[in-house]
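>>> what's the 3D shape of this:
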Amino acid sequence: MLINIDGWFGGGKSVLWSLLDGHSEIFVDPVHDYSFEPFLSLEINNEWLEKKHTSSLRKFLSYSEYYKLEKMMYDKYLPIHFSASHTLNIKYKLDFYSFDNALFDNLAKLNEWSPESIAFNLYSTLDYKWNDTLDSNRKYYASMGKADSYIYYHKIPKVFPNMKSIVVRRTVENIIATRTNRKERATDLNSLGVFRADFAKLVKSGEIEKICDYFKVIENLENQYPDKFLLIEFHDLIKNTEKEMYKVSNFLNVKFEDILVLPTRDGVILEDNDVSFIGEENDKAVDLFAKSELDKIKLHMKLYSLHGMPCNIFSLKSIFLYVLPIIKNKIIKRINK
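Numbers count the residues shown, from 1 in each chain. Coordinates of the predicted model:
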């Protein structure tokens, strides 16, 4: 079974990632590669699934960060971001080519392919190659999702019927604080503004409204599929960790283990110079923003509550980018009639 660890960018999903890592029944993907996401956001041609067409699958995976697993092999380290300015690097131990060969060998042995069987084999093979052993005790394979694909999350119960999604909700202003202050590493690309995002540009692009819309969609999915979606509050996760992880273990139907209250990676407690994922919240807006910036965030949150659109209504570009896919989908539906 699969777990989607989700939350907006800079929203604290790495905390949950680290808390789940030590559980005996769960393997947590070390890299934020969201390799399952294209099966939600892209149209699937059933022909290549039926024919088990490997080159088509590779093309599909390239729309995710699957090949980040290869890149990090050359980087030689796995970065752990405690805050915008504090990163701990630990050893990266995957031979990507050995993993990749084993994955496609395993897929070739399947009688048929489906999005779920591909994702399951991807993460179970990654578990085997990362840990150099087969663990028959595994019940779940967990990976972090791609939050800005949330408009396709209604497809999850159908495309991945055995997937459970746990979403971490952090306050909008603290997410924006992290987004505008997080520094890229020497090997990171920043063309999409994931790191050191400009505050004014984020606001203009409709980022605040998108975050609000994201959590609204997740709330609706949790109400509709309570056995598939769980929304937990970031503040509660870091302050009342044991209580929240009991909630998570009940949702997953796994035994609560003491390791669930400790942020770890491969059995190593993630802590550096008294900085940790839990206890205190890092990158707080009240410490990083002026009152005028906080007021601007609150204004756009208020506006979203009135119009309900994931765009900045004062920006023609933001409105256009919101409307474009809607028009596109309508045209496609009309053509297909």
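>>> C-alpha from now on. contacts and neighbour counts both.
Noted.
>>> For residue 10, see how far away the residue nearest the centre of the chain is.
Centroid check for the chain by CA atoms, centre = their mean gives residue 145 as the closest residue, at 2.7 Å. Distance, residue 145 to residue 10, by CA to CA, to the nearest Å: 13 Å.
>>> can you pull out the strands in the stretch 151-300 of the chain?
In the stretch 151-300 of the chain, the strands defined using DSSP state E, counting those that start in this stretch lie at 163-169, 229-233, 264-265, 268-269, 271-272, 275-276.
>>> Of all those strands, which one comes closest to residue 214?
Nearest to residue 214 among the strands of the stretch 151-300 of the chain is strand 163-169; the distance by CA to CA comes to 9.8 Å.
>>> Lowest average pLDDT across the strands of the stretch 151-300 of the chain?
Note on the strands of the stretch 151-300 of the chain: lowest mean pLDDT is at strand 275-276, with a mean of 74.
>>> Please enumerate residues in contact with that one?
For strand 275-276, the external contacting residues (CA atoms under 8 Å, 6 or more residues apart in numbering) are 82, 263, 270.
>>> got the contact list for the closest residue to the last one other than its chain neighbours?
Excluding its sequence neighbours, the residue lying closest to residue 270 (CA to CA, 6 or more residues apart in numbering) is residue 264, at 5.1 Å. By CA under 8 Å, 6+ apart, the contact list for residue 264 reads 18-19, 21-22, 270.
>>> one step back: between the contacts of strand 275-276, which sits nearest residue 137?
residue 263 (20.9 Å).
>>> What is the burial count for that closest one?
23 (other CA atoms under 10 Å).
>>> same deal with residue 104?
Neighbours of residue 104 (other CA under 10 Å): 17.
>>> just checking, it is part of a helix?
Yes. Secondary structure of residue 104 (DSSP: H, G, I helix; E, B strand; the rest coil): part of a helix.
>>> per-residue confidence for it?
On pLDDT, residue 104 comes in at 97.
>>> Could you check how far it is from residue 29?
Per CA to CA, residue 104 is found 18 Å from residue 29.
>>> same question, residue 45
The spacing between residue 45 and residue 29, counted by CA to CA, is 27 Å.
>>> Between those two, tell me which one has more neighbours.
Neighbour totals were compared for residue 45 and residue 29, and residue 29 leads with 19 against 9 (other CA under 10 Å).
>>> Give me the pLDDT for that one.
Residue 29 is given a pLDDT of 94.
>>> out of everything not next to it in sequence, what's closest to it?
residue 143 (5.1 Å).
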